[in-house]
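Peer 1: okay, here's the prediction I keep looking at, along with the sequence it came from:
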Amino acid sequence: MNARVRSNWTNAVLVCARCSKRLNGGFGKKGRQPLGKALRKHLQLKKGRKAAAGVIDVKCLGVCPRGGVTVVNGAASREWLIVPAGADLDAVAREAGLS
């Protein structure tokens with residue numbers, strides 16, 4: 001029998017940490033935060049399993065766009081987003097299925 005752990009997530013979004021690192025941030029009020037951190041702060045998500053949604057930074061998704069970050073919505077994984085640096089976080093959250 002496998003153990004199970006409960007979470008409050010309605011959705012899980014994967015954010016490429018390597019793309020964010022290549023941009024030296026690029027998001028948030030001053031443009032210095034990585035996309036994952038900026039999204040969590042903008043949406044006021046709690047940490048871990050208690051959050052309403054999961055924004056997970058992953059090592060590399062293998063797309064590596066110039067000037068953007070790759071984002072995958074776990075519920076709609078057939079179509080990936082390329083988010084340009086400085087993009088509106090409300091629009092990103094909407095497109096990623098977080099709002």
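Peer 2: That came through, no problem.
Peer 1: right, and residue 40 touches residue 55 too?
Peer 2: Yes: at 5.1 Å, residue 40 counts as touching residue 55 under the criterion of CB atoms under 8 Å. Where you see a C-beta, it was placed from the backbone N, CA and C, and this is true even at glycine.
Peer 1: now the helices for this structure?
Peer 2: With DSSP state H as the criterion, the chain has helices at 17-22, 35-42, 89-95.
Peer 1: out of these, nearest to residue 64?
Peer 2: With CB to CB as the criterion, residue 64 lies closest to helix 17-22 of the helices of the chain, at 6.6 Å.
Peer 1: which of the residues in that closest one are buried?
Peer 2: Neighbour-count burial for helix 17-22 flags 17, 18, 19, 20, 22 (criterion: 16 or more other CB atoms under 10 Å).
Peer 1: tell me the mean pLDDT over stretch 59-74?
Peer 2: Averaging pLDDT along stretch 59-74 gives 94.
Peer 1: ok, and what's touching it?
Peer 2: The contact list for stretch 59-74, computed with CB atoms under 8 Å, 6 or more residues apart in numbering, reads 11-20, 22-23, 26, 35, 54, 79-85, 92, 96-97.
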